[in-house]
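I'll drop the sequence and a predicted model, then ask my questions.
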Amino acid sequence: MKTGLIVMFVMLVGGLMWVEGRTWTQAETGRTLEGDFKGVEGDEVTIIRTNGTAVKVPLAGLSEADQTFIAEHAAAEEEAAAAVARPEVTHQEGEKLKVGDVIDMSFRSINAGEVDLASMKDKVVLLDFWATWCGPCIAEMPNVKKAYEKYHEKGFEIVGISLDSSKSSLEDYIEDNDMPWPQYYDGKGWDNELGREYGVSSIPAVYLVKNSEVIATGVRGPALEKKLEELLD
């Protein structure tokens, strides 16, 4: 067992290896940080601390054992992603999503590595098309966070698709509001590629997906928690 490794297990979540229960060590100071390995973005490692907040640390600043650990799991992530069976898509590009549509969505998030719906087998996934400049989206966010905190351990995931044009505004909002789930961002605003692919003409636009199939639309406010209660309790 490597230095710094506590009780650990690995799950494939959204196309990335999420490793729970690890002690991370800074190479120069020897200081440690308890948290879950969420993924790698560029030269930074995202760690979800025990209080649920996300923190990014420089990969080069971690101990040699930690860097070796990350390299090994990155390779395992690539192998697992390559083995995922692709769904037979029924959704027509550009049309608004409806119940029964089968989709194949995968992308590299700005905060949590690779995302692949096809790998999130048997998870209930909320696709949340939103933006930091959207008043109704921001008003809905406390409800979304509450649902995530209550049902995440039971199999609920969130995938955000941001229609923001400013990356810094999005990143600041994610950090300030402790949002650990992955976010798609391409900086194109209303011309957002996923928004256009799935016929999004207004936000917030929310859809529940399970095994790549849309199972509910428009689940906002109390309707979200009620639907999750039906599916996961």
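That came through fine.

if I look at A139, how far off is I203?
Using Cβ to Cβ, to the nearest Å, we find A139 at a distance of 12 Å from I203. C-betas here are computed from N, CA, C, even on glycine.

And those two? Which one has more around it.
Taking neighbours as other Cβ atoms under 10 Å, A139 and I203 compare with I203 leading, 21 against 12.

What are the phi and psi values at that one?
phi -130, psi 150 (degrees, to the nearest 10).

Pull the contacting residues for it.
Shown in contact with I203 (Cβ atoms under 8 Å, 6 or more residues apart in numbering): 129-131, 134, 136-137, 163.

Equivalent analysis for L33, please.
23-26, 47, 49, 55, 57 are the contacts of L33 under Cβ under 8 Å, 6+ apart.

Now do the SS call for it.
Classification of L33 using DSSP: H, G, I helix; E, B strand; the rest coil returns strand.

Can you pull out the low-pLDDT segments for this structure?
Within the chain, the stretches with pLDDT under 70 are 1-21, 50-52, 74-84.

Swap in 90 and give it another go.
Applying pLDDT under 90 to the chain flags the ranges 1-88, 106-115, 120-121, 175, 178, 180, 221, 232-233.

ok, now how distant is the residue at minimal distance from the centre of it from V200?
Centroid-nearest residue in the chain, with Cα atoms, centre = their mean: P182, separated by 2.6 Å. Distance from P182 to V200, counting by Cβ to Cβ: 18 Å.

can you pull out the helices in this structure?
Along the chain, the stretches classed as helices by DSSP state H are 64-82, 135-151, 167-176, 193-197, 222-232.

Could you dump these into CSV and include distance to E114?
Listed next are the helices of the chain as CSV, based on distance: least, Cβ to Cβ, whole Å:
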stretch, distance to E114
helix 64-82, 6
helix 135-151, 20
helix 167-176, 17
helix 193-197, 15
helix 222-232, 25
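
which stretch among those helices comes nearest K121?
helix 64-82 (11.7 Å; Cβ to Cβ).
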